[in-house]
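Asks: Show me the folded form of this:
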Amino acid sequence: MRKHLKKYLPNHEAVHGNRWLRPFRNSLLHPRLWHLNRHSAAGAIAAGLFCGLIPGPLQMLGAAVCALIFRVNLPLALLVTLYTNPFTIVPLYVLAYQIGRIATGDSAGFVEPPAFEPTRFIAWTEAMQQWMLGVGKPLGIGLVLLAILLAVAGYFLTKAVWRIWLIRAWRLRRAERR
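Replies: Prediction:
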């Protein structure tokens with residue numbers, strides 16, 4: 001499995017040669033950040049899945065910080081954050097909102113945002129702020145819970161798939177020897 005993943009991931013020489021990353025060379029060139037085994041891959045996938053739900057453009061920065069802290073594969077953690085994109089972010093946030101509603105005990109259901117009225121822009125802005133405050137608590141709690149759920153599921157699923165792949169490879173090698 002390592003051979004298949006290494007084809008798509010950059011190596012540490014790319015970081016070593018990058019002049020913009022030169023100040024961070026000591027921490028970014030730690031061997032465990034570039035080593036790929038089932039433990040570092042599972043941790044990297046968990047970090048990427050968790051940080052993928054961070055709003056805005058800070059997802060990869062969060063994944064990089066998590067990879068540095070937990071010493072898991074850095075390129076894989078950055079790559080996994082790409083599961084959130086313009087096509088998947090809305091369904092993920094709706095799911096997070098629903099999880100947050102269940103967790104907070106909010107039974108009001110989804111409240112439609114106020115309709116935009118250009119003639120009453122100030123009133124619309126105030127109504128929009130109130131709507132966002134109402135949605136904010138269930139959404140915030142739901143995002144954290146969904147991120148934890150995805151990270152834990154990704155961690156154990158990666159470990160299981162890697163183990164199944166390894167057992168299959170062992171059996172194929174054993175069959176070839178016979």
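Asks: just checking, what packs against the longest helix anywhere in the chain?
Replies: Longest helix of the chain, by residue count under DSSP state H: helix 121-177. Under the contact definition 3 or more Cβ pairs under 8 Å, 6 or more residues apart in numbering; DSSP states H and E, helix 121-177 sits against helix 38-51, helix 89-104. For glycine as for every other residue, the C-beta is placed from the backbone atoms N, C-alpha and C.
Asks: As CSV, could you dump the C-alpha coordinates of the first one?
Replies: Read that as helix 38-51. Extracted as CSV, the C-alpha positions of helix 38-51 are listed here (Å, rounded to 0.1, in the frame of the first residue of the first chain):
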residue,chain,number,x,y,z
ARG,A,38,-0.1,2.4,8.8
HIS,A,39,0.2,4.4,12.0
SER,A,40,1.4,7.6,10.4
ALA,A,41,-1.2,7.2,7.5
ALA,A,42,-4.1,6.6,9.9
GLY,A,43,-3.1,9.6,12.0
ALA,A,44,-2.6,11.8,9.0
ILE,A,45,-6.1,10.8,7.6
ALA,A,46,-7.6,11.5,11.0
ALA,A,47,-5.9,14.9,11.2
GLY,A,48,-7.0,15.8,7.6
LEU,A,49,-10.6,14.7,8.2
PHE,A,50,-10.8,16.7,11.4
CYS,A,51,-9.2,19.8,10.0
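Asks: list the helices and strands the very next helix or strand once past it packs on?
Replies: For helix 38-51, the following helix or strand on the C-terminal side (DSSP states H and E) is helix 59-70. On a contact count with 3+ Cβ pairs under 8 Å, 6+ apart, helix 59-70 meets helix 38-51, helix 74-80.
Asks: for the last one, packing partners?
Replies: The one in question is helix 74-80. In terms of contacts (3+ Cβ pairs under 8 Å, 6+ apart), helix 74-80 is packed against helix 38-51, helix 59-70.
Asks: same check, this time on the first one
Replies: Packed against helix 38-51 by the contact rule (3+ Cβ pairs under 8 Å, 6+ apart) you find helix 59-70, helix 74-80, helix 121-177.
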